[in-house]
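Asker: Kindly generate the corresponding structure for this input.
(2 chains)
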There are 2 protein chains.
Amino acid sequence: MPTATQTRRIDVDREAASSKSIEALNTTAVVLERVCAACEATSKVGPRSFLHAGPPIELANIPGPMRGAIIGGLLFEGEAKDVATAEQIIDSGEIELTPCHHAGGLGAMAGIITPNMPVAVAQSNGRLTFAPLNEGTDGAVRYGSFDDKTLARLKWMSTDMVAVLNEAVQANPIDLVDLVAEGLRRGDDCHNRLVGTTANLIVRFAPSFIRSKHSAAAEQVAAFMAGNGHFALPFAIIMAKALTLAASDIANSPIVTAMSANGREFGIRVSGTGDRWFVAPSPIGEPKLVPGVTMDDLTPTMGDSMISETAGFGAFAMTAAPAIMSFVGGTAAQARALVEEMRSISAGTSSRFLIPAEEHRGSPVGIDVHRVAQTGIAPVINNGLAHRLPGRGRAGAGITRVPIEPFIAASEALRAGTVA
Amino acid sequence: MPTATQTRRIDVDREAASSKSIEALNTTAVVLERVCAACEATSKVGPRSFLHAGPPIELANIPGPMRGAIIGGLLFEGEAKDVATAEQIIDSGEIELTPCHHAGGLGAMAGIITPNMPVAVAQSNGRLTFAPLNEGTDGAVRYGSFDDKTLARLKWMSTDMVAVLNEAVQANPIDLVDLVAEGLRRGDDCHNRLVGTTANLIVRFAPSFIRSKHSAAAEQVAAFMAGNGHFALPFAIIMAKALTLAASDIANSPIVTAMSANGREFGIRVSGTGDRWFVAPSPIGEPKLVPGVTMDDLTPTMGDSMISETAGFGAFAMTAAPAIMSFVGGTAAQARALVEEMRSISAGTSSRFLIPAEEHRGSPVGIDVHRVAQTGIAPVINNGLAHRLPGRGRAGAGITRVPIEPFIAASEALRAGTVA
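Answerer: So this is what the prediction gives:
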């Protein structure tokens, strides 16, 4: 047992450490650096070395959509000539898997990133973060699809789209914190609704698109973006990753720096405990299902995009996006209750993500594992859900309560560590 | 005095008439037809025959900014070689003025429309409505500015911008009801905040801009639109005018079909009383002033853009746009109270303008003059305010209660007319 004096000092240390993390979340600047192939953003990918969403997972244990995404990745990279060959490669254990987070990156849903997949790259204090461009919901490798249409689209995205987008990014670097802050004023939560933010990106890119010598490609890119309301998601989450990296590795800080899931396990990282993952079984929640899908068809929650909530937007700013609530089966009143609840487990209030409907009050920012442990309130996230079978794609979306156990374990580890 | 039977029949007639107007407001389809010179949209303009905002006004009685706008119009049209000549033309009474509404059009603020000013044109059931393209707030003829920079911009808008925009409109006709409905989901009220709607317009036009042979002009147009959050306003109000025209001229209908002001008088038209204007002195309200401006510097309310509220958006959908409230000096809580109040004087609920924060409930639509007379509650509008001196431009913005007298007078006229 610590003495009373020790406890006070620890509390002060903890408070100061927490404040440092919150300050990082509130002040870190992040700009869009470029759009390119993943292998240009990280050295941790190779012909059969892929990144994946969530905490570490064994190849033998991956869920269906992650397997589908690896099949898609092998076909896309030309490592496998057909699905059967891809399955053989996987079954013979020849794929090396690394969490995206370990490479400073993020992958939505399955989060499989192969060397030539197109990614958006952010830069903050000289450090890069990245995430794959969003393929839409009509067949997507991130949901485990690997059909010809999906792969043809990905091929086009990795060539024409990368060229046109990167030209636009170089012509007009974008402040990604501002992009999300403005999104909240345009009815987006910037995790599950990004239609206004995607339009804003098109507006920012439009002068370059118009000037571009690749006029036909630019027109296709603009049309694709206009038809994909989630296109801005990777641009939002690479910013969130940059913020949480800046808030990381502060001794004694109880602030969560990553929440993530691989379809088997949900895991968190905490500033004061560094690279360690605290895990629990991945949740399913009570999603709104795609027609024809049953609860038994679902893969449990998967993906790195809940970095949004970790950084203070998404479900934590749901009052900014009442229009999305019906999409996930809820009401605007529920959104208000939910954000209020999230305030009770967050150590800070965002000074940049302001919610107009709350009189421009900042969103709750910086989940404090001690507060989660003390209140028994676990964070909520917006999430998509994939079919449990490879290649079957998107199956639902919801607002999901993540398991509380990792937060309690992290709280205990921090307390033990501080006293020791 | 009518007998009891007569009163019942009248009430039934009135209810049926009101329903017909509401149905028109809720079902009329409106598409963007073209962008062109005003003289191509109406025969009611000529070299010295201009349109103006609000109910009819004598040339000798026009307020400062309207005089400034006429000076700007004469210079723009080449009718006057300098300001002194323009002043002479005005002072000698050589300008013929017609309300925009009498030509089926609308003008924001001063609303001066000369033959070659660029307008957006909507079409609904074969009938055209139109309003000038928005020049921004950094010097604008509609606010009474007539400096060289303002006129050079207007010249460019009437040539390059019209060519590029009309090309885009012809390539991809836009459903203007849907544009505003989507705007309400993107945090716009579509009268005072249209930043999301303007972005949406750019997105819709982008493919054509990219394809355009006038590449340099298209890039300038895209950049101008991106920098002018009110650019979509004329596109929204020509739709509102089309809806209210469809709701007009229904015997006994107490639904307001126009609210409008000329800086001296505020006036309304009502479905059951046809073309008649009911007027009262124009209000100033309690606006948020531009720095350096005092209340004494203001011209009372002016402009046709309050057709927005007449058609069920703007201040009537303020709960969709909490971000705008601080711009006009209010709070999100006030917006909720205000929309609730407007429900008490409206005969209908919009089936198309849905407010996400109100669980997708429709906005109040169709101001009923009898309800206004009975409750003593006058409608509120979002409005901009101009400096009282010609050429001094924008002076403030606010949410303003319009005078109740015209509604009471219209209610009495309708009752008298029905019985007679």
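
Asker: Quick check: closest non-adjacent residue to residue A:111.
Answerer: residue A:53 (2.6 Å; CB to CB, 6 or more residues apart in numbering or on different chains). For glycine as for every other residue, the C-beta is placed from the backbone atoms N, C-alpha and C.

Asker: contacting residues around the one you found?
Answerer: A:66, A:99-100, A:106-112, A:260-263, A:302-304 (CB atoms under 8 Å, 6 or more residues apart in numbering or on different chains).

Asker: and the longest strand for chain A?
Answerer: When chain A is parsed with DSSP state E, its longest strand is strand A:346-355.

Asker: So for that one, what gets flagged as buried?
Answerer: By neighbour count on 16 or more other CB atoms under 10 Å in any protein chain shown, the buried set for strand A:346-355 is A:346-350, A:352-355.

Asker: Turn these into TSV, including pLDDT.
Answerer: Shown next, in TSV, are the buried residues of strand A:346-355 (pLDDT from 0 to 100):
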residue	pLDDT
A:346	98
A:347	98
A:348	98
A:349	98
A:350	98
A:352	98
A:353	98
A:354	97
A:355	96
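
Asker: want to try CSV for those, with distance to chain B as columns?
Answerer: Listed next are the buried residues of strand A:346-355 as CSV, based on distance: CB to the nearest CB, whole Å:
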residue, distance to chain B
A:346, 21
A:347, 25
A:348, 22
A:349, 17
A:350, 16
A:352, 15
A:353, 13
A:354, 9
A:355, 8
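
Asker: In this structure residue A:263 contacts residue A:298, no?
Answerer: No - shown here, residue A:263 and residue A:298 do not form a contact pair, counting by CB atoms under 8 Å, at 9.7 Å.

Asker: any idea how far the residue nearest to the spatial centre of chain A lies from residue A:109?
Answerer: In chain A, the residue lying closest to the centroid (CA atoms, centre = their mean) is residue A:305, at 1.6 Å. As judged by CB to CB, to the nearest Å, residue A:305 and residue A:109 stand 8 Å apart.

Asker: Can you pull out the low-pLDDT segments for chain A?
Answerer: Counting by pLDDT under 70, chain A shows low-confidence ranges at A:1-2, A:418-420.

Asker: can you give me the helices in it?
Answerer: A:4-27, A:64-77, A:83-91, A:148-156, A:162-171, A:176-185, A:195-211, A:215-226, A:233-246, A:307-310, A:322-325, A:332-343, A:369-375, A:405-419 (DSSP state H).

Asker: thinking again about what came up before, how near is the closest residue to the residue nearest to the centre of chain A other than its chain neighbours to chain B?
Answerer: Spatial nearest neighbour of residue A:305, excluding adjacent residues (CB to CB, 6+ apart): residue A:108 at 4.5 Å. Distance, residue A:108 to chain B, by CB to the nearest CB, to the nearest Å: 22 Å.

Asker: Enumerate the residues of the stretch 101-250 of chain A near chain B.
Answerer: Proximity of the stretch 101-250 of chain A to chain B is confined to A:185-187, A:195-196, A:199-200, A:202-204, A:206-207, A:209-212, A:215, A:218-219, A:222-223, A:225-226 under the rule CB under 8 Å from any CB of the partner chain.

Asker: Now do the residue lying closest to residue A:122 once chain neighbours are set aside against residue B:406, distance only.
Answerer: Spatial nearest neighbour of residue A:122, excluding adjacent residues (CB to CB, 6+ apart): residue A:238 at 4.0 Å. Noted for residue A:238: a distance of 55 Å to residue B:406, by CB to CB.

Asker: OK, now which residue of the stretch 1-150 of chain A is nearest to chain B?
Answerer: residue A:136 (15.6 Å; CB to the nearest CB).

Asker: Contact partners for that residue?
Answerer: Per CB under 8 Å, 6+ apart, neighbours of residue A:136: A:153, A:224, A:227-228, A:230-231.

Asker: Narrow these to just the buried residues.
Answerer: A:153, A:224, A:228, A:230-231.

Asker: Now for those: which two are most distant?
Answerer: The distance between the two most remote of the buried ones among the contacts of residue A:136 (CB to CB) is 14.2 Å, for A:153 and A:230.

Asker: What parts of the stretch 301-420 of chain A come near chain B?
Answerer: Checking the stretch 301-420 of chain A against chain B by CB under 8 Å from any CB, the hits are A:321-323, A:325-326, A:331-333, A:356-360.

Asker: Select from those residues the one having the most neighbours.
Answerer: With neighbours taken as other CB atoms under 10 Å in any protein chain shown, the top of those is residue A:321, carrying 34 neighbours.

Asker: Once you drop chain neighbours, what's closest to that one?
Answerer: Leaving aside its chain neighbours, residue A:321 sits nearest to residue A:189 (3.8 Å; criterion: CB to CB, 6+ apart).

Asker: Kindly provide the distance from the one you found to chain B.
Answerer: 12 Å.

Asker: Counting neighbours, what do you get for that residue?
Answerer: 32.

Asker: Pretty sure it sits against residue A:312.
Answerer: No - Residue A:189 is beyond contact range of residue A:312, at 10.9 Å (criterion: CB under 8 Å).

Asker: In PDB, list the C-alpha atoms belonging to stretch A:356-375.
Answerer: C-alpha atoms of stretch A:356-375 as PDB (Å, rounded to 0.1, in the frame of the first residue of the first chain):
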ATOM      1  CA  PRO A 356     -22.200  23.700 -32.800                       C
ATOM      2  CA  ALA A 357     -25.300  22.000 -31.300                       C
ATOM      3  CA  GLU A 358     -23.600  22.100 -27.900                       C
ATOM      4  CA  GLU A 359     -23.000  25.900 -28.200                       C
ATOM      5  CA  HIS A 360     -19.600  25.200 -29.700                       C
ATOM      6  CA  ARG A 361     -18.400  23.200 -26.700                       C
ATOM      7  CA  GLY A 362     -15.500  20.900 -27.500                       C
ATOM      8  CA  SER A 363     -15.900  17.200 -27.800                       C
ATOM      9  CA  PRO A 364     -14.700  14.900 -24.900                       C
ATOM     10  CA  VAL A 365     -11.100  14.100 -25.600                       C
ATOM     11  CA  GLY A 366      -8.600  11.700 -24.000                       C
ATOM     12  CA  ILE A 367     -10.100   8.600 -22.500                       C
ATOM     13  CA  ASP A 368      -8.800   8.100 -19.000                       C
ATOM     14  CA  VAL A 369      -8.400   4.400 -18.100                       C
ATOM     15  CA  HIS A 370      -8.800   5.300 -14.400                       C
ATOM     16  CA  ARG A 371     -12.100   7.000 -15.000                       C
ATOM     17  CA  VAL A 372     -13.300   4.100 -17.000                       C
ATOM     18  CA  ALA A 373     -12.300   1.700 -14.200                       C
ATOM     19  CA  GLN A 374     -13.900   3.900 -11.500                       C
ATOM     20  CA  THR A 375     -17.200   4.700 -13.300                       C
END
